[in-house]
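In: Make a model of this:
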Amino acid sequence: YGMTETSPLLTGLDISDHILDGTPEQVRRLASAGKEVAGVEVRVVNAKGEDVQPGEIGEI
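Out: Now for the predicted structure:
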């Protein structure tokens, strides 16, 4: 995943994360935007700019 306001890459998945026949959690990971790359800090916030709890919907 990348945003115009950032460098070309913000998050990603490692090759080892691409497991199609793993546990439900491993397969579900493929639907994510990935993990932060080195040197990047990501926050997911609500419409007020407040951090949301893990699993809640928000904006990066």
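In: doesn't R29 fall inside a strand?
Out: No - secondary structure of R29 (DSSP: H, G, I helix; E, B strand; the rest coil): helix, not part of a strand.
In: That one and D17: what is the separation?
Out: 6 Å (C-beta to C-beta, to the nearest Å). Every residue, glycine included, has its C-beta placed from N, CA and C.
In: With E36 instead?
Out: Between E36 and D17 the distance is 13 Å, computed by C-beta to C-beta.
In: which residues touch V44?
Out: For V44, the set of contacting residues under the criterion of C-beta atoms under 8 Å, 6 or more residues apart in numbering consists of 51-52, 56, 58-60.
In: Could you rerun that using 6 Å?
Out: The neighbours of V44, taking C-beta atoms under 6 Å, 6 or more residues apart in numbering as the test, are 52, 58.
In: switch to numbering from 47
Out: With the count now opening at 47, the last piece we talked about shows up as V90.
In: per-residue confidence at the residue of the chain positioned farthest from its centre?
Out: Largest separation from the mean C-alpha position in the chain: D67, at 21.0 Å (C-alpha atoms, centre = their mean). Note for D67: predicted pLDDT of 90.
In: tell me the SS of it?
Out: Look at D67: counting by three-state DSSP, its state is coil.
In: and the gap between it and K94?
Out: With the distance defined as C-beta to C-beta, D67 ends up 41 Å from K94.
In: what do you get for V88?
Out: The spacing between V88 and K94, counted by C-beta to C-beta, is 18 Å.
In: Which one's more surrounded, those two?
Out: Applying other C-beta atoms under 10 Å to V88 and K94 shows that V88 carries more neighbours, namely 14 against 5.
In: That one contacts E82, doesn't it?
Out: Yes - the pair V88 / E82 is scored as a contact, 5.0 Å apart, by C-beta atoms under 6 Å.
In: ranges for the strands of this protein?
Out: If you assign secondary structure with DSSP state E, the strands in the chain sit at 57-58, 81-82.
In: Now do the last one: everything it contacts.
Out: In this case it means strand 81-82. With contacts defined as C-beta under 6 Å, 6+ apart, strand 81-82 is touched by 57, 88.
In: rerun that using 8 Å as the cut-off
Out: When contacts are defined by C-beta under 8 Å, 6+ apart, strand 81-82 is touched by residues 56-60, 88.
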